[in-house]
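[1] Compute the structure for the input listed below.
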Amino acid sequence: MQPISTVEGRAYPLGLKNVDTDIIIPAEWLKTISRTGLGKGAFQSLRAVEGNVFDDPEFTGSPILIAGDNFGCGSSREHAAWAMADLGISAVIAPSFSDIFSGNAFKNGLLAIVLPQTAIDRLLEVAKTDPIHIDLETQTVTTPFQDRFEFEIDPFRKYCLLNGVDEIGLTLESSDAIGSYESRLAQDRPWLVPSAV
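    Below is the predicted model:
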C-alpha cells in the first residue's frame, strides 16, 4: 500500500446519491482476482451516457471523486475499491459511505472522507473549474478560494494510510518483538513448540 499524506488535483464532480458497488464495477468484471485493469470497467453504466464526467478530458486522471450520500452501498465487492484505484482515484469525498465500502477502501489505501452536504455542494462547484487539496495529517480539505473543511478519521486508519501499511504490514512492523516472544516461549515452554520431523 502506498502512503497517503496529501491528495491534490482535479476532482470528478459526480455528486450522485446511492452509487452502489454494481455501478462502481459491474458484475461481469468480477471474474478476476487481479487488481489491475479494472479501471476500464469502473463506472461503466455511467460512462455509457454521453457527456459523463469520467470521459471528459478535463477530468481525466483526477485523483479525487466527490459523490453523494450513501456511496458504495450494495454488495461487498472489494473490486469496487480496486477499480477506483486502477482508475487513479486516491480519495472519495461524500456525506456518507456504506460500512463495507468504507472498510474495503481503507484496506486498499483509498481515503474515504465524510463531509456534510453543504461542504459537498461547495466542492462540487469548485471541482468544475479548480483543483482540491486534501491533507490527511491536518484532516482538512481546502480549495483555492480559502474554503477549509475539517474531517474526522479513525486514528488507526489515519496511521495506516499515512504510513502505507495494511494489517500485514502492521504485523511485520512488530516482527522483532514477535520473534523475541517466540524465542522466550521456546525456552520457557518447549513442549508448546512443534518438533521438527
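
[2] and the lowest-mean-pLDDT helix or strand in the chain, what other elements does it pack with?
    When the helices and strands of the chain are scored by mean pLDDT, DSSP states H and E, helix 167-173 comes last with a mean of 84. Judged by 3 or more C-beta pairs under 8 Å, 6 or more residues apart in numbering; DSSP states H and E, helix 167-173 is in contact with helix 155-163. Bear in mind the C-beta positions are built from the backbone N, C-alpha and C, glycine included.

[3] Buried residues, the helix it packs on. List them.
    R157, K158, C160, L161 (16 or more other C-beta atoms under 10 Å).

[4] What sits closest to the second one if chain neighbours are left out?
    Put plainly, it is K158. Distances taken as C-beta to C-beta, 6 or more residues apart in numbering put L136 closest to K158, at 6.5 Å, once the chain neighbours are dropped.

[5] now swap in the last one and tell me
    Nearest non-adjacent residue to L161, counting by C-beta to C-beta, 6+ apart: I4, 4.8 Å away.

[6] Need the three-state assignment for the one you found.
    Of the three states, I4 takes coil according to DSSP: H, G, I helix; E, B strand; the rest coil.

[7] Same question for I93.
    Under three-state DSSP, I93 comes out as strand.

[8] Make sure V19 is actually in contact with I66.
    No: taking contacts as C-beta atoms under 8 Å, V19 lies outside contact range of I66: 11.4 Å.

[9] which one of these two has more residues nearby?
    The neighbour count for V19 versus I66, taken as other C-beta atoms under 10 Å, is higher for I66 (29 against 26).

[10] Contacts only, for the closest residue to N18 other than its chain neighbours.
    With C-beta to C-beta, 6+ apart as the criterion, N18 has its nearest non-adjacent residue at 4.9 Å, and that residue is N70. Listed by C-beta atoms under 8 Å, 6 or more residues apart in numbering, the contact partners of N70 are K17, N18, V19, A94, S96, F97, S98.

[11] Please apply the same query to V19.
    A67, G68, N70, F71, G72, C73.

[12] Quick check: phi and psi at the third one.
    What that stands for is N70. The phi/psi pair for N70 (degrees, to the nearest 10) reads phi 70, psi 40.

[13] now it: how far from I93?
    For N70, the distance to I93 equals 14 Å [C-beta to C-beta, to the nearest Å].

[14] sorry, back to before: downstream of the least confident helix or strand of the chain, the next helix or strand is which one?
    Following helix 167-173 in sequence order, the next helix or strand is helix 175-188 (DSSP states H and E).

[15] That next one: how far from the chain's middle?
    35 Å (C-alpha atoms, centre = their mean, to the nearest Å).

[16] Kind regards, and thank you for your time.
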